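K.L.:
Sequence plus the predicted model coming up.
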Amino acid sequence: MYVAITHFKIIVGQELLFETLWKERESYLHTMQGYRGLFLMRGATEKRHTSYVSQFIWNTQADFEAWTQSDAFVKAHLQFGDTSVLFNEKPEFEGLTIVLQETAGKALK
């Protein structure tokens, strides 16, 4: 499996707007081969920002890359408009390949 992670630093006071944009969006992800799921997680609030992490799970890196090149990707991101007012810094992306997965004490195959 492949996990696409993005780290966000959201300006304090903009958290509700950021979360609402995510919750109310049309993602089109369900139309994509290899899409497994998404987590949007909120972290600590510092003086200037609140940390968030999005984690998209895909069967393969190729599935994720196909998503980033798709019309669905463009449509999903256009609906956000200009979100620069939400960020202290540009979001940071990281792609990871899962080498071990364990749930409830039992390894999944």
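P.N.:
Okay, I see it.

K.L.:
And what about residue 64, helix, strand or coil?
P.N.:
Put simply, residue 64 is helix when judged by DSSP: H, G, I helix; E, B strand; the rest coil.

K.L.:
who's in contact with the nearest residue to it once chain neighbours are set aside?
P.N.:
Ranked by CB to CB, 6 or more residues apart in numbering and with sequence neighbours excluded, the top spatial neighbour of residue 64 is residue 58, at 4.3 Å. Heads up, the C-betas are built off the backbone N, CA and C, glycines and all. By CB atoms under 8 Å, 6 or more residues apart in numbering, the contact list for residue 58 reads 1-4, 34-36, 64, 67.

K.L.:
what about the strands in this protein?
P.N.:
In the chain, the strands defined using DSSP state E lie at 2-11, 35-45, 49-58, 92-97, 102-103, 106-107.

K.L.:
between the lengthiest helix in the chain and strand 35-45, how big is the angle?
P.N.:
Across the chain, the longest stretch assigned as helix under DSSP state H is helix 15-24. Angle of helix 15-24 versus strand 35-45, following axes from the mean of the first three to the mean of the last three CA atoms, to 10 degrees, is 170 degrees.

K.L.:
Can you give the distance from helix 15-24 to the centre of its chain?
P.N.:
13 Å (CA atoms, centre = their mean, to the nearest Å).

K.L.:
do the same with stretch 24-34
P.N.:
Distance, centroid of stretch 24-34 to centroid of chain: 12 Å (CA atoms, centre = their mean).

K.L.:
Restrict it to CA atoms and write it as PDB.
P.N.:
The C-alpha trace of stretch 24-34 is given here as PDB (Å, rounded to 0.1, in the frame of the first residue of the first chain):
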ATOM      1  CA  GLU A  24     -18.300  19.600   2.400                       C
ATOM      2  CA  ARG A  25     -16.100  19.000  -0.700                       C
ATOM      3  CA  GLU A  26     -16.800  16.600  -3.500                       C
ATOM      4  CA  SER A  27     -13.600  14.500  -3.600                       C
ATOM      5  CA  TYR A  28     -14.300  12.200  -6.600                       C
ATOM      6  CA  LEU A  29     -11.900   9.800  -4.900                       C
ATOM      7  CA  HIS A  30     -14.500   7.000  -5.000                       C
ATOM      8  CA  THR A  31     -14.100   7.100  -8.800                       C
ATOM      9  CA  MET A  32     -10.400   6.200  -8.700                       C
ATOM     10  CA  GLN A  33      -8.900   2.800  -9.000                       C
ATOM     11  CA  GLY A  34      -6.800   1.800  -5.900                       C
END
